[in-house]
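Novice: I need the structure of the sequence given here:
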Amino acid sequence: MKMNKIELLTILSNVIPVTIFTLFNILCDDDFQTSLKLNKQIDIGFVQIGWLIFSLIGPFLKIYLTVIIYGNNLNKEKQQ
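Specialist: The predicted structure follows:
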């Protein structure tokens, strides 16, 4: 099965941020929490939220590019 660039971009934009989010969860362990100040824990939480929001970009980007390609194909058909 051949995967086009849009599908690969969608998969990577979902997998990479979720993996990084999971790695950041190591910092939520009790051993690490005692060495981190409260402000740093809050900052890490916002970074995790940011990574999860970034993982939503992939599906939206795929839909956007699909609509653009479909629109371009439709314009070419109308011109012919």
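Novice: contacting residues around the lowest-mean-pLDDT helix or strand in the chain?
Specialist: When the helices and strands of the chain are scored by mean pLDDT, DSSP states H and E, helix 30-33 comes last with a mean of 74. Helix 30-33 has contacts (C-beta atoms under 8 Å, 6 or more residues apart in numbering) with Ile26, Leu27, Gln41. From N, CA and C alone the C-beta is placed, and that goes for glycine too.
Novice: next, count neighbours for the closest residue to the first one other than its chain neighbours.
Specialist: What it means is Ile26. The shortest distance from Ile26 to any residue other than its chain neighbours is 6.8 Å, reached at Phe32 (C-beta to C-beta, 6 or more residues apart in numbering). The local packing of Phe32 (other C-beta atoms under 10 Å) involves 12 other residues.
Novice: swap in the one 4 residues further on?
Specialist: Leu36 has 14 neighbours, counted by other C-beta under 10 Å.
Novice: now swap in Gly58 and tell me
Specialist: 20.
Novice: now the helices for this protein?
Specialist: Here the chain has its helices, by DSSP state H, at 5-24, 30-33, 38-54, 57-79.
Novice: how big is the angle separating the third one from helix 5-24?
Specialist: Spelled out, it's helix 38-54. Orientation of helix 38-54 against helix 5-24 (axes from the mean of the first three to the mean of the last three C-alpha atoms, to 10 degrees) gives an angle of 160 degrees.
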